[in-house]
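Visitor: Structure, please.
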Amino acid sequence: MTSNVPLSPIVLSTLREIMGHPYHLSRDAIIYSEVVTGELNYKGMGELRDVLEHLQRAINTNNEEEALNDLTEAYEHMRRAAVESVQRAATKEYFETLETIRIPSLAFKAAFLEVPDKGKVRELRMDAMEKIAKGRSNKADKDKWENSIEDFKSAIENCFELKDMFPSDIEVKYRILTILFGLITIISLIYAYIK
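Guide: Residues are numbered from 1 along each chain as shown. Coordinates of the predicted model:
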């Protein structure tokens with residue numbers, strides 16, 4: 001049921017505040033996570049659906065206290081949409097990166113590829129892990145949730161840097177196969193020449 005009573009100044013002010021910076025931060029975090037993961041962010045979209053539900057209730061009630069409670073709930077869903085989305089992207093990227101960096105050093109040497117510096121790899125991996133842990137610790141804190149998003153994004157950047165240090169698994173396999181085929185060709189030519 002739609003209310004014909006205009007919103008009280010405090011409800012209108014709170015609504016404008018929520019739909020300002022928190023909304024833009026949340027929307028940008030959801031989009032960022034979709035770009036990083038390459039997948040639709042159903043968790044973030046679900047939270048934004050809940051935001052809309054609370055906003056609808058807030059603007060359609062004649063009770064200022066109910067409206068303010070719904071706006072508080074809308075803000076919480078907005079916060080969760082942002083932090084949960086970027087946390088999911090950071091965690092997914094971190095575990096994908098761990099798979100990438102598990103290529104044995106011997107495979108690099110066999111493929112005549114430069115072995116990444118173990119110290120730098122460990123530093124970036126540990127920093128990403130610490131940033132994810134710090135982001136998780138701060139995500140529920142109303143005063144630190146924006147920092148939490150930045151921690152998750154920093155962890156993602158570390159993962160990207162780590163991935164850039166390593167050739168893809170396919171590249172390593174291709175290089176090794178090329179070397180093996182080259183050796184087989186040389187051995188075949190030597191064998192044919194000797195006969």
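Visitor: rest of the way, CA atoms for contacts and neighbours
Guide: OK.
Visitor: So in the chain, which helix runs the longest?
Guide: helix 64-100 (DSSP state H).
Visitor: next one: that helix to chain centre, how far?
Guide: Mean-position distance between helix 64-100 and its chain equals 11 Å (Cα atoms, centre = their mean, to the nearest Å).
Visitor: Could you do stretch 112-131 as well?
Guide: The chain centroid and the centroid of stretch 112-131 are separated by 19 Å under Cα atoms, centre = their mean.
Visitor: go on, stretch 123-135?
Guide: With Cα atoms, centre = their mean as the basis, stretch 123-135 stands 13 Å off its chain's centre.
Visitor: Other residues contacting the helix or strand of the chain with the lowest mean pLDDT?
Guide: Lowest by mean pLDDT, DSSP states H and E among the helices and strands of the chain is helix 105-110, with a mean of 72. Contact with helix 105-110 is made by E114, V115, V172, I176, as judged by Cα atoms under 8 Å, 6 or more residues apart in numbering.
Visitor: For it, list every residue counted as buried.
Guide: A107, F108 (16 or more other Cα atoms under 10 Å).
Visitor: Check the offset of it from the chain's centre.
Guide: Chain-centre distance of helix 105-110: 30 Å, with Cα atoms, centre = their mean.
Visitor: Downstream of that helix, the next helix or strand is which one?
Guide: Later in the chain than helix 105-110, the nearest helix or strand by DSSP states H and E is helix 118-138.
Visitor: What are the buried residues along the helix or strand just after that following helix?
Guide: Using DSSP H and E, the helix or strand that follows helix 118-138 in sequence is helix 145-165. Going by neighbour count (16+ other Cα under 10 Å), the buried part of helix 145-165 is 145-159, 162-163, 165.
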